[in-house]
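*Asks:* sequence and computational prediction follow.
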Amino acid sequence: MSQKILLLEDDKLFNETIEDFLEEEGYELQTALDPYSALEISYESRFDLYLFDVNLPYESGFDLLEKLRASGDKTPTIFLTSRDDKASMIEGFDSGADDYMKKPIDLDELLLRIRAVLRRQTRGDSIELGKYLLDCNAKRIYCDSEPLSVTNKAVELLLLLVLAKGEVVRVEEIEAHLWHVSQDASLGAIRVYITTLKKYFPDNIENIRGVGYRFK
């Protein structure tokens, strides 16, 4: 079943561009041009993800998300905004956002961030990997009930690879998953995490040179 996205963007042409792009990638889209329409649609249907513009008629995307969060709606949300000041970014995350992208939006990067946010939502509480137990909530790896010395980001990377179900996860997608847009991604750090994980899963993690990694 296709994952459903509610797109709120008052620029009609940009709205249609994103809709066409994401539908080609297999997502089911509903769109709105103003926050009141988006709020009504959110009550009528359940969505896997919200994509909200910030500068909107009547009220901001921040205000809308705060209303939704106050009503108990925990749908993952990515803000798409022309605001480039740090205060706005902080306000966006404080209102309950999962990610925050500054315009102009690169559609390929948007797709990576959508996949990263959705994967964080689809994991279970724990995953068994041979003799290891991966605690998805605590971000810990256990062997015979003993926690291993692995950082949270390394565990997040392992989860990303495992949930890809044998597909290659590109470096760009790893960066989008492990670091918010406000942070500097580190290819060197990714290599360190992979080296750590290979101590425990030497035959499972494969480096696809120049592309990314996969968990076999």
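*Replies:* Ah, there it is. It should be emphasised that the depicted structure is a prediction, and the values quoted were computed from it without experimental measurement. Numbering: from 1, shown residues only.

*Asks:* quick one: the strands in the chain, in order.
*Replies:* For the chain, the strands defined by DSSP state E occupy 4-8, 28-32, 49-53, 77-81, 99-102, 126-129, 132-135, 140-143, 146-147, 169-170, 205-208, 212-215.

*Asks:* would you single out the least confident of those strands?
*Replies:* For these, the weakest mean pLDDT is recorded on strand 126-129, namely a mean of 83.

*Asks:* now for residue 25: which residues touch it?
*Replies:* Residues near residue 25 by CB atoms under 8 Å, 6 or more residues apart in numbering: residue 111. Backbone N, C-alpha and C define where each C-beta goes, glycine included.

*Asks:* mind pulling up the pLDDT for it?
*Replies:* Looking at residue 25, the pLDDT reads 92.

*Asks:* ok, the residue lying farthest from the centre of the chain - contacts?
*Replies:* Distance to the chain centre peaks in the chain at residue 144, reaching 31.2 Å (criterion: CA atoms, centre = their mean). Residues counted as contacts of residue 144 (CB under 8 Å, 6+ apart) are residue 131.

*Asks:* tell me how far the ends of stretch 43-57 are from each other?
*Replies:* 20 Å (CA to CA, to the nearest Å).

*Asks:* whoops, stretch 41-51 was the one
*Replies:* So stretch 41-51: terminal residues 13 Å apart, CA to CA.

*Asks:* got the buried residues for that stretch?
*Replies:* 42, 47-51 (16 or more other CB atoms under 10 Å).

*Asks:* from these, pick the one nearest residue 216.
*Replies:* residue 48 (27.6 Å; CB to CB).

*Asks:* isn't that closest one right up against residue 5?
*Replies:* Yes. Residue 48 is in contact with residue 5 according to CB atoms under 8 Å; the separation is 6.7 Å.

*Asks:* quickly note the distance from residue 185 to residue 178.
*Replies:* Remark: distance between residue 185 and residue 178 (CB to CB, to the nearest Å) = 7 Å.

*Asks:* out of those two, which sits in the more crowded spot?
*Replies:* Higher neighbour count among residue 185 and residue 178: residue 178, with 20 against 16, using other CB atoms under 10 Å.

*Asks:* enumerate every residue touching the closest residue to that one other than its chain neighbours.
*Replies:* With sequence-adjacent residues excluded and distances taken as CB to CB, 6 or more residues apart in numbering, residue 178 is closest to residue 153, at 5.4 Å. With contacts defined as CB under 8 Å, 6+ apart, residue 153 is in contact with 178, 189, 193.

*Asks:* ok, now how distant is the most centrally placed residue in the chain from residue 206?
*Replies:* Central residue of the chain (CA atoms, centre = their mean): residue 117, 1.6 Å from the mean position. Distance from residue 117 to residue 206, counting by CB to CB: 25 Å.

*Asks:* wait, doesn't residue 56 sit right on residue 32?
*Replies:* No. If you go by CB under 8 Å, residue 56 and residue 32 don't touch, sitting 9.5 Å apart.
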